[in-house]
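Participant: no sequence on this one, just coordinates:
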């Protein structure tokens, strides 16, 4: 069975960002950047626990993906503003109930002026690492330049354990070819809907 999901002008809350678009701020060590999602299309085919897939879309900046998280998006060492298209192809395999492994190849294709905001360098702080291989996020909190700043490609792998609806733990690895960077990340998803409903019902009683 082949499934095709297409979403256009979807709310940033569902796809990438916990809040709508906001300009970055220098008023502290935390940076909040939202990217408005233009479109996201997912094509996948599942058979016997094996699911190949292909995703492609575009946005006005990079941000974390909370729906169907991938290591390359959740472990990204920066946020950015500026048009960028993303492509990903790979597979996942469920070899035990609720336990899944997967791998994918990704590519980011930006265009025009890009602003990069480091997740490692706080405003007015010093360099935290080598900026070789165009790793500007190690050398400055904010960098403005051409599409070369956020262009990237690489591959990732993950193992994921799902327990019930909306609850999962994912351990992932990503290798960025463009930045020559290896990273690991842990994502924990928890659906608190049932807890909130219970608390709300108890409060009403």
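Facilitator: Here it is on my side, so go on. On a predicted model such as this, the values are computed, not experimentally measured, just so you know.

Participant: what's the burial count for residue 155?
Facilitator: Other residues lying near residue 155 total 17 when counted by other Cβ atoms under 10 Å. Where you see a C-beta, it was placed from the backbone N, CA and C, and this is true even at glycine.

Participant: quick one: which helix or strand includes it?
Facilitator: Per DSSP states H and E, residue 155 falls inside strand 152-162.

Participant: same thing with residue 53?
Facilitator: In the assignment (DSSP H and E), residue 53 maps to strand 50-59.

Participant: Let me see the mean pLDDT of that strand.
Facilitator: The pLDDT scores in strand 50-59 average 88.

Participant: before we move on, what about stretch 175-183?
Facilitator: Rounded mean pLDDT across stretch 175-183 is 94.

Participant: related to what we said a few turns ago, sheet-wise, list the partners of the strand holding residue 155 with their directions.
Facilitator: Applying DSSP bridges to the sheet, strand 152-162 is found paired with strand 99-110 (antiparallel), strand 168-176 (antiparallel).

Participant: for residue 144, which residues make a bridge with it?
Facilitator: Under the criterion DSSP bridges, residue 144 forms beta bridges with residue 115.

Participant: what's the distance between it and residue 182?
Facilitator: 27 Å (Cβ to Cβ, to the nearest Å).

Participant: Report the beta-bridge partners for residue 108.
Facilitator: Note on residue 108: beta-bridge partners by DSSP bridges are residue 86, residue 152.

Participant: what's the neighbour count on it?
Facilitator: Around residue 108 there are 22 other residues, counting by other Cβ under 10 Å.

Participant: contacting residues for it?
Facilitator: Residues near residue 108 by Cβ atoms under 8 Å, 6 or more residues apart in numbering: 62, 84, 85, 86, 150, 151, 152, 153.

Participant: Is it possible to mark the buried ones in these?
Facilitator: 62, 84, 86, 150, 151, 152 (16 or more other Cβ atoms under 10 Å).

Participant: Quick check: of these, which lies closest to residue 130?
Facilitator: residue 152 (17.2 Å; Cβ to Cβ).

Participant: doesn't residue 109 make contact with that closest one?
Facilitator: No - counting by Cβ atoms under 8 Å, residue 152 sits too far from residue 109 to count as a contact (9.1 Å).

Participant: just to revisit the earlier point, from the rest of the structure, what touches the strand holding residue 155?
Facilitator: Contacts of strand 152-162 (Cβ under 8 Å, 6+ apart): 70-72, 90, 92, 98-108, 168-179.

Participant: Write the ChimeraX selection for whichever of the residues you listed are buried.
Facilitator: In ChimeraX syntax, the buried subset of those is picked out as below (16+ other Cβ under 10 Å):
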select :70,71,72,90,92,100,102,104,106,107,108,168,170,172,173,174,176,178,179
